[in-house]
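Novice: output the structure for:
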Amino acid sequence: MAAEVVVPVRPSTGHTVGTLRASLLVLEQAWAWYRRNWKATVFSSVGLPVLYLLAMGLGFGSQVRAGAVPGGLTYLAYLAPALLPAGAVQTAAGECTYPILSGFEWSKIFHGITATPVTPGQVVLGQLWWLLSRLLVSGAAYLVVATAVGAVTGPGILLSLVFGVLTGMAFGALLIAFAASVRSTSGNAFTAIFRFVVVPMSLFAGTFFPISQLPAWVRPVAWLTPMWHGTELARGAEFGPLPWGITLVHIAYLVALLVTGMLLARWRFRVRLTR
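Specialist: Okay, here's the model as predicted:
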């Protein structure tokens, strides 16, 4: 993290700040840092999903026999919408782990912000606004490349982007709560999250092949992951609507994770910043 951090909030005068205005000020602080350091995140948030699309969709996909992909699609087209929630989860993992720990332990930016009228809960909301903006921009950039290589089959991919963003937000909110609970600065806790949660979820939650091909005892684990729900929604939006009941179940599950993560994050931020 950069040593110089801009905090666009005024010293406390005893007055409260509206929740929306305060959270947008936190968003402005994140943007002030990011516009000086954006190059460090380009590959992880945009380049990595594009690399997966090209390597797996065009490279590996050239070896997939005709008719093996559901709906008679090419493997490239089959993969394209699924990489939106997968990429969103990876971006959320990058934004909601070390940067959150840094705000408490290294830069201590969260302590500085809450020394003003901005509350810990408003800081959490600002972090979620920032995550939302990152997911939208990186997802849109990925769609430009996917369209250029012929991976997009119709306008439904725009709704797939929405579902991808929702997936990233649901996972990211839970990660913010977890990161706010980490005391050690070694980073071992986050290494475990990347190794045992993010990577397996990317490989076995339906991104590259249907989970029906997994052993029966593994499938319930995949059903619990936000990425599987996001993948089902993204593919349904691109290739044909899922039944309304199933669609609502997927959306409700992701929204429930998002709300749970928000509540836990507000609690952990309040405990850590007001003790």
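Novice: from here on, just use CA atoms for contacts and neighbour counts.
Specialist: Noted.
Novice: my guess is residue 151 meets residue 82, correct?
Specialist: No. Counting by Cα atoms under 8 Å, residue 151 does not reach residue 82; the two are 11.4 Å apart.
Novice: the spatially closest residue to residue 262 that is not a sequence neighbour: which element?
Specialist: Leaving aside its sequence neighbours, residue 262 sits nearest to residue 173 (Cα to Cα, 6 or more residues apart in numbering; 5.6 Å). Here residue 173 sits within helix 157-179, counting by DSSP states H and E.
Novice: which helices and strands sit right next to that helix?
Specialist: helix 75-95, helix 98-105, helix 120-148, helix 226-239, helix 244-273 (3 or more Cα pairs under 8 Å, 6 or more residues apart in numbering; DSSP states H and E).
Novice: ok, then the element right after that helix?
Specialist: Following helix 157-179 in sequence, per DSSP H and E, is helix 188-193.
Novice: how far off centre is that next one?
Specialist: Taking Cα atoms, centre = their mean, to the nearest Å, the mean C-alpha location of helix 188-193 is offset from the chain mean by 17 Å.
Novice: okay, the spatially most central residue of the chain and residue 57: tell me how far apart.
Specialist: What sits nearest the mean C-alpha location of the chain, by Cα atoms, centre = their mean, is residue 168, with 2.6 Å. Using Cα to Cα, to the nearest Å, residue 168 is found at 22 Å from residue 57.
Novice: before we move on, back to that, separation between the residue nearest to residue 262 and residue 235?
Specialist: Residue 173 sits 23 Å away from residue 235, taking Cα to Cα as the criterion.
Novice: just the C-alpha atoms of the helix holding residue 173, please, in CSV.
Specialist: Taking C-alpha atoms only, helix 157-179 is exported to CSV below (Å, rounded to 0.1, in the frame of the first residue of the first chain):
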residue,chain,number,x,y,z
ILE,A,157,-24.5,-10.9,-21.5
LEU,A,158,-25.3,-7.5,-20.0
LEU,A,159,-27.6,-9.1,-17.5
SER,A,160,-24.8,-11.7,-16.9
LEU,A,161,-22.6,-8.8,-15.9
VAL,A,162,-25.2,-7.7,-13.3
PHE,A,163,-25.3,-11.2,-11.9
GLY,A,164,-21.5,-11.4,-11.9
VAL,A,165,-21.3,-8.1,-9.9
LEU,A,166,-23.9,-9.4,-7.4
THR,A,167,-21.8,-12.5,-6.9
GLY,A,168,-18.7,-10.5,-6.3
MET,A,169,-20.5,-8.2,-3.9
ALA,A,170,-21.9,-11.2,-1.9
PHE,A,171,-18.5,-12.8,-1.6
GLY,A,172,-16.7,-9.5,-1.0
ALA,A,173,-19.0,-8.4,1.9
LEU,A,174,-18.2,-11.6,3.7
LEU,A,175,-14.5,-11.2,3.1
ILE,A,176,-14.6,-7.6,4.5
ALA,A,177,-16.1,-9.0,7.7
PHE,A,178,-13.5,-11.7,7.8
ALA,A,179,-10.6,-9.3,7.1
